[in-house]
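[1] give me coordinates for this.
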Amino acid sequence: MLRWLLDPVRRTPVVVTSALLTLLLTVLIVNLFQPVDAAHAERTTAAGASSTSTVSVRRFPKAHHPSKSASSSSATKNQTKQQKPDPIATSAHPVDWLKPSQQVDYPDPAAHPGLSLEVSLQDQRVYVRDGSELLYTMYASTGMDDSTPRGSFRIQNERGDHFYNPGEGMGARYYTSFLNHGVFLFHSVPTDSKGGYIKEEADMLGIRPGSHGCIRLTVPDARWIMQSVPAGTPVLIK
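    Numbers count the residues shown, from 1 in each chain. A predicted model of the protein is given here:
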């Protein structure tokens, strides 16, 4: 047997047969695994295509900015009707006391037979009214330490362009008496002995009390009362 295997002539069919078997085995293995790889590749390709398709058609919703609803607008209108605010702004900052409190014309007393002046110590305001109708609102600064009297009074005849009180070291312009004939007055923000306005005193207007009992006003407001509001006009301080 060994001699037969060592014989080159006799060994040739065996080598050929082995080579054929090896080739057949290789083809078989390739045929077995190739469908699996093809199927896997097909699934991978399909998945990739599906993913690409999903991304390409995806749409994000646009941002939505809703406008005010009708109910909200209606509620705002109702609130505005129920609350009638002070026509002039409420502020902790100094007002311009060289200008009128409001950018509207002063009322004509002749056109308002029920004209009255209402002073609010809490609001630091003077409300010009005709009956229950509010005509004009003025910034004010009343007396410190509750020195402005409360009650019902009337505008008196004593009035003038300016005064100066040496005892207090200050005066004012455009004064009009409402009690004790020249003691309690409506007048402008204070002036010094030379007639110049005292800024640190004037800056209290509309914010807090600063006088010794009189009612301080902007310069134009005080001038309007002095020139236009007749004697006998009711004054209510509360």
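[2] can you give me the helices for this structure?
    2-6, 8-57, 70-82, 199-202, 219-228 (DSSP state H).
[3] weakest of those helices by average pLDDT?
    With a mean of 43, helix 70-82 has the lowest mean pLDDT of the helices of the chain.
[4] biggest strand in the protein, by residue count?
    Longest strand in the chain by number of residues (criterion: DSSP state E): strand 170-179.
[5] that one - what's its average pLDDT?
    99.
[6] send over that strand as CSV, restricted to the C-alpha atoms.
    Coordinates of each C-alpha in strand 170-179 appear next as CSV, following Å, rounded to 0.1, in the frame of the first residue of the first chain:
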residue,chain,number,x,y,z
MET,A,170,-40.5,130.7,52.7
GLY,A,171,-43.4,132.0,50.7
ALA,A,172,-45.3,131.1,47.6
ARG,A,173,-47.0,132.4,44.5
TYR,A,174,-50.7,132.5,43.5
TYR,A,175,-52.4,132.0,46.9
THR,A,176,-56.1,131.7,47.6
SER,A,177,-57.6,131.5,51.1
PHE,A,178,-60.2,128.8,52.1
LEU,A,179,-60.1,129.2,55.9
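[7] what's the angle from that strand to helix 219-228?
    40 degrees (axes from the mean of the first three to the mean of the last three C-alpha atoms, to 10 degrees).
[8] outline the domain layout of the protein.
    By the assignment in automatic domain parsing, the chain contains the domains 2-46, 106-237.
[9] would TSV of those with mean neighbour count and distance to Asp96 be doable?
    Quick note: C-beta positions are derived from backbone N, CA and C, even for glycine. Output for these, formatted as TSV (neighbours: other C-beta atoms under 10 Å; distance: least, C-beta to C-beta, whole Å):
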stretch	mean neighbour count	distance to Asp96
domain 2-46	10	79
domain 106-237	18	8
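[10] these: which one's closest to His93?
    Nearest to His93 among the domains of the chain is domain 106-237 (8.2 Å), distances taken as C-beta to C-beta.
[11] quick one: end-to-end distance for the closest one.
    21 Å (C-alpha to C-alpha, to the nearest Å).
[12] how much space between the residue nearest to Tyr127 when sequence neighbours are not counted and Val219?
    Among residues not flanking Tyr127 along the chain, Glu118 sits closest, at 4.3 Å (C-beta to C-beta, 6 or more residues apart in numbering). Separation of Glu118 from Val219 (C-beta to C-beta, to the nearest Å): 21 Å.
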